[in-house]
Structure formats: structure tokens, C-alpha cells
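*Asks:* no letters, just coordinates:
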């Protein structure tokens with residue numbers, strides 16, 4: 001059974017459950033037989049995957065700000081979870097330039113509040129706290145960053161994620177050496193997949209334009225990223241959580257990268273060239289705008305630690321990642337009567353079946 005059947009009847013608390021990754025994880029956990037509660041301030045986009053999947057009727061839904069410690073603590077102690085997945089964050093690099101203070105408030109104090117709530121609450125067995133691949137001091141070398149590499153960040157978003165990792169390390173060493181809760185952080189980035197409509201992300205921007213037959217405008221066609229489908233890191237988070245629930249001691253207090261196969265590193269232009277062939281749209285336009293608000297043009301992760309310690313490996317090829325992503329959006333925009341929950345569940349099942357066929361440890 002996937003994840004050794006450890007999530008069946010478990011109580012799982014997700015911060016940021018109304019977001020893109022949080023919604024996919026919520027749906028997958030419900031499929032695995034878990035009882036799920038979520039804590040979020042608002043629905044972050046319209047359309048919203050959370051609303052499309054009607055998840056509000058399937059989970060215990062707490063609504064407040066991750067910066068409100070008393071509210072967060074009350075929700076956690078009311079639900080009494082076995083495991084926590086922390087997603088709640090300000091997730092957009094360009095937004096961190098527009099509102100840097102709020103970016104740091106949410107991403108730094110959000111981590112502090114979750115850790116402190118776990119520290120003072122009995123009965124929580126495990127927690128997986130998600131940060132970002134952008135927590136590394138990116139010098140744009142061609143090698144993948146390892147978990148032991150230097151943390152940092154030029155932009156406020158990256159810096160806030162580095163801060164969150166430092167806070168995690170401090171809490172583990174100060175308060176969780178003999179604590180009942182086993183903790184770890186997870187780092188991934190450039191996640192794509194159906195149901196993402198966030199602002200200032202390349203795939204949502206593309207799908208919004210192409211669904212209307214419009215031309216997509218892009219700033220940085222040569223930026224290279226390790227593209228991965230949303231289910232890839234989620235399988236890593238769930239497997240890491242399962243191992244923490246099993247009290248695998250050598251994972252406690254550790255951090256893990258979850259990224260795609262090496263061949264999934266491609267430029268934005270190459271990614272879009274493949275995807276747009278399925279849509280009736282105008283050609284993509286490159287905007288030559290000079291800006292001081294710069295995103296890194298090259299970023300890769302080394303996932304050897306996850307492969308060696310967790311026996312986790314990515315499942316999908318680059319082509320399969322694009323197929324899963326494009327099919328979901330084509331189905332959404334072209335088949336308005338479709339049961340989107342059923343279609344999303346079919347993609348999760350297809351992903352798990354491929355993992356089983358490929359003898360991936362978590363799927364067996």
C-alpha cells in the first residue's frame with residue numbers, strides 16, 4: 001500500500017491547505033483515508049483548486065492568519081493531529097519585492113508559530129515543514145545544491161525561506177532533542193500541475209492566456225528550472241512524514257531536497273514551446289524589460305540525500321510532467337461538465353500506479 005498505509009485514519013493538520021500544493025495534498029490524504037483539518041487565512045486565487053474540488057465540505061476548515069499564534073495554537077489543540085504539514089506562506093518572489101515586510105512576517109513568523117505550537121502541544125507525532133529550493137545562497141552554478149550548502153537569498157522571498165530553515169534548526173537543537181514530535185523540513189520548487197492559478201507564475205499565466213486564445217508575454221525565456229509535477233514533491237513529503245510517524249530516528253531534525261530527474265532541467269522557452277502546441281493561441285511574446293527586481297536564472301537541486309536516506313526517487317519524466325499538467329488544464333477549460341474531483345483523483349491514481357510499476361519504495 002502507498003506510504004505503508006500509515007495515513008489511514010490518521011489526523012492530519014495542514015497549514016495553507018487552500019493553496020495549490022495544499023489542495024493537492026489534502027485531496028491525496030483524503031484518498032489515503034486520513035482525517036484532514038486545514039488552517040488558512042483565505043482562498044489565494046480565482047479560480048481555486050480548493051473550491052473546484054469542494055474540499056471545504058470534506059475537511060475541518062480553520063480560517064485565520066498564520067501570524068496569529070493564539071488562533072493557530074487553538075486550532076491545533078482543538079483538532080489534536082497526529083502529524084502536521086506546514087505550507088502556509090507568501091509564495092511569490094515578485095510579491096516579496098512589492099511587500100517585503102509582509103513577506104518576512106508571514107514566512108518567518110509563520111515558521112516560528114508552527115514550531116512553537118508543536119513545542120507546547122502534546123500528542124503530535126510528526127511534522128513536515130515545507131520551505132523552498134530558493135533557501136540556498138544561489139550563485140547560479142551548474143551543480144545541484146545539497147542540504148549542507150550555504151543558506152541565503154538576494155530577494156526577500158529567498159531570504160525569508162533561508163531564515164525559516166535557520167529557525168527550524170534552532171528550534172530542533174533547543175527544544176526538540178527529547179521531544180515526542182519528530183520533525184524535518186522539505187525543500188522543492190518550480191512545481192507545476194493542474195489547478196494552479198497564482199499570479200506571476202509561468203504556467204498559470206500561460207493557461208490563462210492560451211485558454212482565451214491570447215498571446216503569452218514572458219520576461220525571462222532563458223531562465224532554467226528543474227520542472228516537476230506537483231505530485232512529485234508531495235510524494236516525498238508524504239513518504240518523509242510516514243517515516244517520521246514510524247519514528248525513524250536518523251531523519252529527525254533533518255532537511256531534504258525533493259526535485260525531478262536531471263533531464264527535467266529546461267528553459268522557460270523550451271517548456272512553453274512544448275505546451276503551447278496543444279492550444280489554439282497566438283505566438284508567445286518576449287518582453288524586453290529591464291528591471292532591478294531580478295529572479296535567479298539557474299537553480300538546481302541535488303536529491304541524493306532523499307534517495308539514500310528515504311529511498312525516494314522522482315517518478316515522472318519531463319514529458320510525463322508536461323502531459324499531466326496540460327491534460328488537467330485542457331480538461332478544465334474544454335470540458336465544463338467534467339467532475340474535476342474525479343479527474344484529479346484519476347491523475348493521483350495514475351501517478352501512484354506508475355510509481356508502483358517502477359518499484360518506487362513509497363508506492364509498494
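*Replies:* Sure thing, it's come through. This is a predicted model, so every value here is computed, not measured.
*Asks:* from here on, contacts and neighbour counts on C-alpha atoms
*Replies:* Noted.
*Asks:* please tell me how far residue 108 sits from residue 82.
*Replies:* 24 Å (C-alpha to C-alpha, to the nearest Å).
*Asks:* where along this structure do the helices fall?
*Replies:* For the chain, applying DSSP state H gives helices covering 20-31, 49-52, 69-79, 93-98, 100-119, 156-175, 202-211, 231-245, 268-275, 304-305, 318-334, 340-357.
*Asks:* redo the ones you listed as a markdown table? Include mean neighbour count and distance to residue 217.
*Replies:* What follows is the helices of the chain, written out as a markdown table (neighbours: other C-alpha atoms under 10 Å; distance: least, C-alpha to C-alpha, whole Å):
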| stretch | mean neighbour count | distance to residue 217 |
| --- | --- | --- |
| helix 20-31 | 22 | 23 |
| helix 49-52 | 20 | 24 |
| helix 69-79 | 17 | 40 |
| helix 93-98 | 17 | 16 |
| helix 100-119 | 20 | 25 |
| helix 156-175 | 20 | 23 |
| helix 202-211 | 19 | 8 |
| helix 231-245 | 23 | 27 |
| helix 268-275 | 16 | 11 |
| helix 304-305 | 18 | 36 |
| helix 318-334 | 17 | 18 |
| helix 340-357 | 16 | 28 |
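*Asks:* out of these, which comes closest to residue 86?
*Replies:* Closest approach to residue 86 among these (C-alpha to C-alpha): helix 100-119, 7.5 Å.
*Asks:* so how far is the closest one off the chain centroid?
*Replies:* Centre-to-centre, helix 100-119 and its host chain are 17 Å apart (C-alpha atoms, centre = their mean, to the nearest Å).
*Asks:* can you check stretch 128-141 too?
*Replies:* 13 Å.
*Asks:* hmm, residue 186 is touching residue 258, no?
*Replies:* Yes: using C-alpha atoms under 8 Å, residue 186 makes contact with residue 258 at a distance of 7.1 Å.
*Asks:* those two: which is more packed in?
*Replies:* residue 258 (27 against 24; other C-alpha atoms under 10 Å).
*Asks:* look up how far residue 311 lies from that one.
*Replies:* Distance from residue 258 to residue 311, by C-alpha to C-alpha: 12 Å.
*Asks:* now residue 227
*Replies:* Per C-alpha to C-alpha, residue 227 is found 21 Å from residue 311.
*Asks:* the two: which has the busier surroundings?
*Replies:* Higher neighbour count among residue 227 and residue 311: residue 227, with 26 against 14, using other C-alpha under 10 Å.
*Asks:* next, the contact list for the more buried one, please.
*Replies:* Contacts here follow C-alpha atoms under 8 Å, 6 or more residues apart in numbering; on that basis residue 227 touches 190, 191, 192, 260, 264, 265, 266, 318, 321.
*Asks:* can we see that at 6 Å?
*Replies:* 190, 264 (C-alpha atoms under 6 Å, 6 or more residues apart in numbering).
*Asks:* any idea how far residue 42 is from it?
*Replies:* Here residue 227 is placed at a distance of 27 Å from residue 42 (C-alpha to C-alpha).
*Asks:* ok so, going back, with respect to residue 138, which of the helices of the chain lies nearest?
*Replies:* Residue 138 sits nearest to helix 156-175 of all the helices of the chain, at 9.2 Å, using C-alpha to C-alpha.
*Asks:* contacts for the closest one?
*Replies:* Contact with helix 156-175 is made by 93, 96, 104, 107-108, 111, 131, 134-135, 151-153, 253, as judged by C-alpha under 6 Å, 6+ apart.
*Asks:* tell me which two of those residues sit farthest apart.
*Replies:* Farthest pair in those (C-alpha to C-alpha) is 96 and 253. Separation: 27.7 Å.
*Asks:* using CSV, lay out the helices of the chain together with mean pLDDT and distance to residue 37.
*Replies:* As requested, the helices of the chain are arranged in CSV below (pLDDT from 0 to 100; distance: least, C-alpha to C-alpha, whole Å):
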stretch, mean pLDDT, distance to residue 37
helix 20-31, 98, 9
helix 49-52, 97, 13
helix 69-79, 98, 7
helix 93-98, 94, 28
helix 100-119, 98, 15
helix 156-175, 98, 23
helix 202-211, 92, 27
helix 231-245, 98, 16
helix 268-275, 91, 35
helix 304-305, 96, 30
helix 318-334, 95, 26
helix 340-357, 96, 18
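*Asks:* that's all I had, so thanks and see you.
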